[in-house]
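Asks: Fold the following and give me the result.
(one chain, ligands or ions: 1)
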Amino acid sequence: MKPQEFEKYIWRDRGCYHCGRPYDLVPHHRANRGMGGAKSADDPTNIIAMCAEINGLMESDPEMAELARAYGWKLSRYDRTDIAPVYDASTGFWFRLLDNYTRIAI
Ligand SMILES: [Zn+2]
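Replies: Next up, the predicted model:
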């Protein structure tokens, strides 16, 4: 992903969905899209900004992976990323992500 595109996600998300830190962020794919899926892996609703530390823990730590599934950070490849809400644990708000790089609190 180009830096100028990731800027759109940082602007939308403001910080990591786990800890809220506004730096050291990386793009995280909520659902791993396979070939031939109806929706692209690069759809704005499939990508969230997470800090690099938590992004790694979601893959390596089963407890963090479970939390990530409960909070909509990790989805199955068949989930609708434009419908499945995402929880911002640092602020206590749930959001729906929109295709135009914005989000709405729900
Ligand atoms: Zn974090």
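Asks: Can you pull the phi and psi angles for residue 29?
Replies: phi -80, psi 120 (degrees, to the nearest 10).
Asks: what about it, how many neighbours?
Replies: Per other C-beta atoms under 10 Å, the neighbour tally for residue 29 reads 16. C-beta coordinates here come from the backbone N, C-alpha and C atoms, glycine included.
Asks: Which parts of this protein are helices?
Replies: With DSSP state H as the criterion, the chain has helices at 3-13, 52-60, 62-70.
Asks: wait, which of the ones you listed is closest to residue 98?
Replies: For the helices of the chain, the distance to residue 98 is smallest for helix 3-13, at 9.0 Å, taking C-beta to C-beta.
Asks: quick one on the thing from earlier: please identify the most buried of the helices of the chain.
Replies: helix 52-60 (a mean of 16; mean count of other C-beta atoms under 10 Å).
Asks: Out of the helices of the chain, which is closest to the ion?
Replies: Taking C-beta to the ion as the criterion, the ion comes closest to helix 52-60 out of these, the separation being 4.1 Å.
Asks: List of residues touching the closest one?
Replies: Under the contact criterion C-beta atoms under 8 Å, 6 or more residues apart in numbering, helix 52-60 has outside partners 16, 18-19, 24-26, 28, 50, 64-65, 68, 73-74.
Asks: Just the endpoints, please. Distance across stretch 50-66?
Replies: End-to-end distance of stretch 50-66 (C-alpha to C-alpha, to the nearest Å): 16 Å.
Asks: Using TSV, lay out the helices of the chain together with distance to residue 91 and mean pLDDT.
Replies: As requested, these are exported to TSV (distance: least, C-beta to C-beta, whole Å; pLDDT from 0 to 100):
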stretch	distance to residue 91	mean pLDDT
helix 3-13	11	96
helix 52-60	15	97
helix 62-70	16	98
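Asks: Reformat those helices as JSON lines; add distance to residue 87.
Replies: Below are the helices of the chain laid out as JSON lines (distance: least, C-beta to C-beta, whole Å):
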{"stretch": "helix 3-13", "distance to residue 87": "12"}
{"stretch": "helix 52-60", "distance to residue 87": "13"}
{"stretch": "helix 62-70", "distance to residue 87": "8"}
